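Engineer: Sequence and predicted structure, then a few things I'm wondering about:
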Amino acid sequence: MPPRGGRRPTASPGSRKRYSARKVLSLSPQSTVANRTSLAQTGETKDYDPSLLYRPHNFTTARVDHFHNETLYEPHSDASFTIRYWVDASHYAPGGPVFLFLCGETSCEDRLRLLQKGNLAQLAEATHGVAVLFEHRYYGSSHPVANLTTPNLRFLTTEQANADAAHFARTVGTLPDLPRDADTGPDKTPWIAMGPSYAGGQAAILRKVYPDVFWGAISSSGVTLAVADYWRYYDAHQTYGSRECIDKTQRIVQVVDAVLLDDKLGGGEHAKALKDLFGLAGLEFDSEFGSALMDGIDQWQSRSWDPRGGSKSFDLRCGNLTADTLLYPGQEAKRRVAESILEVTGASRDLATPLLNWGGFIQSRHSCTYNLTETGTCDPLRNETFLAGVELDSWEWRSWSYQVCTEYVLSPTPSPRLSPPRSHTLLTTQLGGATSRPATTCRSSLCPS
């Protein structure tokens, strides 16, 4: 969309100033807007903690229940609650659009960097627009209820969350950090919803359901379909990732499958020895082991065309697997074990170093390597005491699990090309862990009957 309104003048090269991190750290809340504007005009790279520049605002008139005619939400509520949002108006010029970025299934505090880097920041700059981060109900600090018992989760639906966004756009009035006479209502200014993954699906639905409010939507990998056996989730990295990395991944996964699934090799000392290569010898549950191995692969979805903003975990993992030398000296003592496992599974010994490097990679970053319990698990959802917790801070696992159980049957599973069909059977519904189990395996304490 072409920019609206006059073009904002920029500083000449000779007049540009650089702002040191020390100066930024001393900013007061009252001075952040002016300094963000100055930094944008001078081409500052903005590589500093965004929480120092962007303070949360409160939308205090959000409705707990937008749909009093729907039996799903009985008993209904007339109460209001507070939703947090953040604004970057440093690029704004009269007539510029409002980009409403939906933070989805996490706290907006995890998205603050997007006000500085990536397509949200670049679109706001290119169109002289306003960038707004909008927190989803039941995530972060935006809770419409006092605790997260299953009955209290009844208002956690995409329908209610989208109604929040539409109500916000219609009633928030002049956004913070804008001139008092700025008219950014959706009847005067284009509002464009944005989001990735689940929030991308939200954005698409918002444009469909509220076309009078949202002029447009940008849905990045939008989740608009429930898929129980979602093997295409892992097919993307196999199609577009490094061929050497994918080849070694497939070959090592076949070794893992042979050890865990073959009747002659399954369980026992071979399985324990294999898990020990990854620092997980005490892990009893093979499904949890398979889930741990997806660390780094799962982060493919967090890559970005903007190298300043996306996750580099997938590339780091591939760099480990394709390295010619052992990157973790402590793994050298396990080389004979690795070679023995390769031999009994009929695999080539040239996989020893990639296997050891993959093990070192997992040990260096996966919480399960230092969070194992005496019962041989690091999955808190196997702990009934943990499951019984309904405090608001349990949103980090409880809110999205509820949405998966009730609306989004999303169970990412390996592509059939990743390994032989037998391993595909093992690494399906068991693999995804707490937040990607299909509804049929959802815990009864969480899901409605």
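Structural biologist: Happy to help now that I have it. Numbers count the residues shown, from 1 in each chain.
Engineer: so where is the stretch 301-449 of the chain shaky, pLDDT-wise?
Structural biologist: 307, 309, 414-449 (pLDDT under 70).
Engineer: all strands of it, in order?
Structural biologist: 410-412 (DSSP state E, counting those that start in this stretch).
Engineer: thought Y198 was touching E105?
Structural biologist: Yes - the criterion here is CB atoms under 8 Å, and Y198 meets it with E105 at 5.4 Å. Where you see a C-beta, it was placed from the backbone N, CA and C, and this is true even at glycine.
Engineer: Now do the shared contacts for these two.
Structural biologist: Q403 (CB atoms under 8 Å, 6 or more residues apart in numbering).
Engineer: the more surrounded of those two?
Structural biologist: For Y198 versus E105, neighbours defined as other CB atoms under 10 Å are more numerous around Y198 (25 against 20).
Engineer: Spit out the contact partners of that one.
Structural biologist: By CB under 8 Å, 6+ apart, the residues touching Y198 are G104, E105, V223, Q403, Y408.
Engineer: Just the buried positions in the helix or strand encompassing T239, please.
Structural biologist: Per DSSP states H and E, T239 falls inside helix 232-240. Of the residues in helix 232-240, Y233, Y234, H237, Q238 count as buried by neighbour count, 16 or more other CB atoms under 10 Å.
Engineer: what angle sits between the following helix or strand past that helix and helix 232-240?
Structural biologist: Using DSSP H and E, the helix or strand that directly follows helix 232-240 along the chain is helix 243-261. Taking axes from the mean of the first three to the mean of the last three CA atoms, to 10 degrees, one finds helix 243-261 and helix 232-240 inclined to each other by 140 degrees.
Engineer: Just name whatever secondary elements helix 243-261 is in contact with.
Structural biologist: With contacts defined as 3 or more CB pairs under 8 Å, 6 or more residues apart in numbering; DSSP states H and E, helix 243-261 has these neighbours: helix 268-277, helix 286-293, helix 313-322, helix 335-344, helix 352-365, helix 421-426.
Engineer: what domains does the record give for the chain?
Structural biologist: 20-224, 229-441 (automatic domain parsing).
Engineer: which residues touch the closest residue in space to G310 that isn't next to it in sequence?
Structural biologist: The shortest distance from G310 to any non-neighbouring residue, by CB to CB, 6 or more residues apart in numbering, is to S304 (2.8 Å). Contact analysis of S304 by CB under 8 Å, 6+ apart lists G118, G310, S311.
Engineer: any chance of those residues in JSON lines, plus distance to C378?
Structural biologist: Shown next, in JSON lines, are the contacts of S304 (distance: CB to CB, whole Å):
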{"residue": "G118", "distance to C378": "32"}
{"residue": "G310", "distance to C378": "27"}
{"residue": "S311", "distance to C378": "22"}
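Engineer: Between those, identify the one with the most neighbours.
Structural biologist: Highest neighbour count within the contacts of S304, by other CB under 10 Å: G118, with 19 neighbours.
Engineer: got the contact list for that one?
Structural biologist: S304, D306, R308, G309, G310.
Engineer: need the strands for the stretch 101-250 of the chain, in chain order.
Structural biologist: Counting by DSSP E, counting those that start in this stretch, the strands of the stretch 101-250 of the chain are 130-134, 191-196, 216-220, 227-230.
Engineer: Worst mean pLDDT among these?
Structural biologist: Mean pLDDT per stretch puts strand 227-230 lowest among these, at a mean of 77.
Engineer: For H57, grab the count of nearby residues.
Structural biologist: Residues near H57, counting by other CB under 10 Å: 18.
Engineer: what does S219 give?
Structural biologist: Count around S219 with other CB under 10 Å applied: 21.
Engineer: ditto for G330
Structural biologist: By other CB under 10 Å, the residues close to G330 number 12.
Engineer: just checking, it touches G359?
Structural biologist: No - contact between G330 and G359 fails when scored by CB under 8 Å: they sit 9.9 Å apart.
Engineer: Can you convert the strands of the stretch 101-250 of the chain into TSV and add a column each for distance to F278?
Structural biologist: What follows is the strands of the stretch 101-250 of the chain, written out as TSV (distance: least, CB to CB, whole Å):
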stretch	distance to F278
strand 130-134	37
strand 191-196	30
strand 216-220	32
strand 227-230	25
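Engineer: hang on, the earlier thing: most neighbours of all the contacts of Y198, which one?
Structural biologist: Top of the contacts of Y198 by neighbour number is G104, holding 24 neighbours under the definition other CB under 10 Å.
Engineer: and of the strands of the stretch 101-250 of the chain, who's closest to S287?
Structural biologist: strand 227-230 (15.4 Å; CB to CB).
Engineer: Output the helices and strands packed on helix 243-261 in a markdown table, with mean neighbour count and distance to T377 appended to each entry.
Structural biologist: As requested, those are arranged in a markdown table below (neighbours: other CB atoms under 10 Å; distance: least, CB to CB, whole Å):
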| stretch | mean neighbour count | distance to T377 |
| --- | --- | --- |
| helix 268-277 | 17 | 13 |
| helix 286-293 | 21 | 6 |
| helix 313-322 | 19 | 24 |
| helix 335-344 | 17 | 23 |
| helix 352-365 | 22 | 16 |
| helix 421-426 | 15 | 17 |
